[in-house]
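*Asks:* using only what follows, build the 3D model:
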Amino acid sequence: MLRKMLWVILICCGVVPVYGAPTTCETSEQSLWNSSLINQALESKLATLFQCIDTSDPTEYKLRDATACNWFVGKSLETVWSFSDFKNGDGYFTANELADRLSQGVFSHWKTIGSGDQQEANDTAAMRAADGNPVVAAWQSNGPTGHVALILPGGLAFSSSWGVNVPRSASISLNDIDAAYIGCRLSNAFGANKKQEVQYYYRDLLPF
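*Replies:* Numbering: from 1, shown residues only. Take a look at the predicted model:
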């Protein structure tokens, strides 16, 4: 139901005038999570970030078909957990900046879990998300654009491309709204060649 509601919102807003249908992972992976403990309230809050937003404030709005992953993750952290860790002035740190700062321990309260090719790290990321902690997966590129995604409660599902069980996640990429999703395997957000470089981090629930 959440998937249908999300795509109705996107279509009505003119976000997906060409595609107008869920991504492949959203239609093909739902059976993977049938027995999972999914946090519907959390995912409903995330779905609101896919809606059309007033563009009068350039530091707040989400471009309809050009939303950056760092905006989505940073805004999710504020919307769901009321933490503004990833805020950078009026905007948010870029994905590369987030990956770099997280790896260096710059953000207080954030701890390293491990890389995507390690089953133990995938297990821990899923467990921390189930416990209610904010959990992110970050990849730092050598170029200007990295990527960051949000880990969701719901357990794990096997990824043939990664060769390990990976957690449920939410992701959106710049200029690629048709690939945006809430509730698919993390391997949909990162190619298999990146799994060793994808790093998981979680935040404790203490205030600043």
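*Asks:* for this structure, which element, helix or strand, carries the lowest mean pLDDT?
*Replies:* Ranked by mean pLDDT, DSSP states H and E, the helix or strand of the chain with the weakest confidence is helix 2-13, at a mean of 41.
*Asks:* after that helix, which helix or strand is next? Please name it.
*Replies:* Later in the chain than helix 2-13, the nearest helix or strand by DSSP states H and E is helix 24-28.
*Asks:* tell me the mean pLDDT for that next one?
*Replies:* Helix 24-28 carries an average pLDDT of 85.
*Asks:* got the buried residues for that helix?
*Replies:* Counting neighbours by 16 or more other C-beta atoms under 10 Å, one finds that the buried residues in helix 24-28 are 25-26. For glycine as for every other residue, the C-beta is placed from the backbone atoms N, C-alpha and C.
*Asks:* alpha carbons only: can I get it in PDB?
*Replies:* Extracted C-alpha coordinates of helix 24-28, given in PDB (Å, rounded to 0.1, in the frame of the first residue of the first chain):
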ATOM      1  CA  THR A  24      12.100  -2.800 -10.800                       C
ATOM      2  CA  CYS A  25      13.200  -3.500  -7.200                       C
ATOM      3  CA  GLU A  26      10.000  -2.200  -5.700                       C
ATOM      4  CA  THR A  27       7.900  -4.500  -7.800                       C
ATOM      5  CA  SER A  28      10.200  -7.600  -7.700                       C
END
